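Asks: could you work out the structure for the sequence below:
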Amino acid sequence: MDFINALNNIQSVLLTNFISQPKRKQYTLKDVSTHCQVDDCWMVIRDLVYDLTEFINEHPGGYDIMLDYAGTDATMAFADKPHSKNAWWQLQKYLIGELVPEERMYNDTT
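Replies: So this is what the prediction gives:
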């Protein structure tokens, strides 16, 4: 539980201090679910939507593990695996939007 709290704190700091997008494009989980291929891979992590298509073949654990979560909310999978601070930093360059408010589970995406 402490590990997940630490990850949540890291992401909150990143979102608050380093990402200044006043208006992100909003997507539904249904929108995200259509992007579930090696050549079209989107994921949701903590209510933010990432297009990881360019990264999927570079993932240190292999593209297979990413395909398991492509087109879904991968928050728990991402938090449960040992990802470095650098992984959180890298993730930010693939940010394309956020979930619509009624589908969000966290309060820190703004």
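
Asks: residue 64 and residue 56, how far apart?
Replies: As judged by Cβ to Cβ, to the nearest Å, residue 64 and residue 56 stand 10 Å apart. All C-beta atoms are positioned from the backbone trio N, CA, C, and that covers glycine.

Asks: quick one: low-confidence parts of the chain?
Replies: Scanning the chain for pLDDT under 70 picks out 1-22, 108-110.

Asks: just to revisit the earlier point, which of residue 64 and residue 56 has more neighbours?
Replies: residue 56 (20 against 10; other Cβ atoms under 10 Å).

Asks: could you report the separation of the more buried one from residue 34?
Replies: Distance of residue 56 to residue 34, computed by Cβ to Cβ: 16 Å.

Asks: helices along the chain, start to end?
Replies: Counting by DSSP state H, the chain has helices at residues 2-18, 29-33, 63-69, 75-80, 85-92.

Asks: show me what the fourth one packs onto, helices and strands only.
Replies: This points to helix 75-80. Judged by 3 or more Cβ pairs under 8 Å, 6 or more residues apart in numbering; DSSP states H and E, helix 75-80 is in contact with helix 2-18, strand 40-45.

Asks: before we move on, what about the second one?
Replies: Other elements packing on helix 29-33 under the criterion 3+ Cβ pairs under 8 Å, 6+ apart are strand 40-45.

Asks: quote the end-to-end distance of stretch 71-89.
Replies: 21 Å (Cα to Cα, to the nearest Å).
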